Every structure is written in structure tokens, then in C-alpha cells.
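>>> coords please:
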Amino acid sequence: MLSVVTTLVQILAISLISLVAGSTFGVWQGYNPHGFSPATFVEVHQGAVRGLNVLLPGIAMAGLVLTVVLAFMSRERPVALSLYVIAIVGFIAGGVITRFANQPINAQVMTWTTDALPPDWTAIRDTWWHWHVVRMVVSVLTEVALIAAVFSQRSA
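Purely as a prediction, here's the structure:
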């Protein structure tokens with residue numbers, strides 16, 4: 001039987017990765033920049049960066065910490081532990097993609113104005129989009145691994 005603390009940590013960890021995965025999915029589904037005019041792209045991207053650039057990595061970091069705690073708590077259950085480790089790797093991979101692929105481009109776009117975009121702005125936009133899609137897939141797979149780990153731990 002799982003303790004109340006374990007259950008609360010599981011709920012919070014799943015909630016946090018769900019916020020991250022849902023946010024990346026929402027951006028993927030609703031904000032594909034390929035249909036935006038240059039001015040709209042700059043305004044939407046800059047608004048998203050201002051709103052999410054600190055928030056989502058912070059949420060993901062909290063989810064990672066809780067997942068590490070859950071992995072430690074399930075060290076006697078090999079299947080659950082393995083699934084938690086997969087989720088941990090997913091959290092880290094998403095963070096690496098964000099930090100080293102998306103955020104440097106975010107910093108560039110934050111310096112742009114709607115009147116003066118660099119000549120290669122569509123290539124920069126497309127690179128950001130590519131890494132966003134990769135990050136979204138990683139986030140969703142991380143969520144699946146975490147949920148599977150929780151079910152595995154609860155059924156043991």
C-alpha cells in the first residue's frame with residue numbers, strides 16, 4: 001500500500017509534466033509560425049517567450065525533482081524504477097533541447113522588431129520550430145513514461 005505522501009508526489013509530478021507537455025502541444029497545434037506574417041511571428045513569439053521562457057523550465061525542473069524522488073521511493077520495484085528513470089531522461093532531454101536549441105533562438109528573436117527582421121529569419125524560425133516539435137514529442141513521451149511508472153508502482 002502506498003503512503004499518502006507518495007500519492008501526493010505522484011499527483012504533483014504528473015500534473016507538472018502534464019502542464020509542460022500540454023503547453024508544448026498547444027504551441028505545436030495552435031501557433032505553427034509558417035502561416036504567420038513576419039510581424040505576427042515576431043509579436044506572437046516574443047509574447048510567448050515573455051510568458052513562458054522562465055515558467056515552463058521551472059515547472060519542468062520541479063517535475064524532474066519530484067520524479068527523482070519517486071524513483072528513489074520505488075528502488076525496490078524494478079519496473080517502476082526503470083520507467084521513472086526513462087521519465088527522468090525525458091525531462092533532462094527536454095531541458096537540454098530547450099536550453100541549447102530553443103532558448104538561444106528565443107534570445108535572438110527578442111532583439112527583432114517587426115520593421116527589421118534579419119534576411120534569414122525564416123531559416124531561424126524553421127530551426128526553432130523543428131526543435132520545438134522534437135521537444136514536444138519528448139515531453140509527451142516523458143508524460144507517458146511517468147504515468148506508466150506511477151501505474152506500475154501502484155500495482156506492485
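>>> is it true that residue 132 touches residue 102?
Yes - when contacts are counted by CB atoms under 8 Å, residue 132 is listed as touching residue 102 (6.2 Å). C-beta coordinates here come from the backbone N, C-alpha and C atoms, glycine included.
>>> could you list the buried residues of the helix or strand harbouring residue 123?
Assigned by DSSP states H and E, residue 123 belongs to helix 121-155. Using 16 or more other CB atoms under 10 Å as the test for burial, helix 121-155 gives 121, 125, 128-129, 131-132, 134-150, 152-153.
>>> could you give the angle of the helix or strand harbouring residue 89 to helix 121-155?
Residue 89 is part of helix 78-97 when elements are defined by DSSP H and E. On the basis of axes from the mean of the first three to the mean of the last three CA atoms, to 10 degrees, helix 78-97 is oriented at 160 degrees to helix 121-155.
>>> what does helix 78-97 rub up against?
17, 20, 57, 60-61, 63-64, 67-68, 70-71, 74-75, 131, 134-135, 138-139, 141-142, 145-146, 148-150, 152-153, 156 (CB atoms under 8 Å, 6 or more residues apart in numbering).
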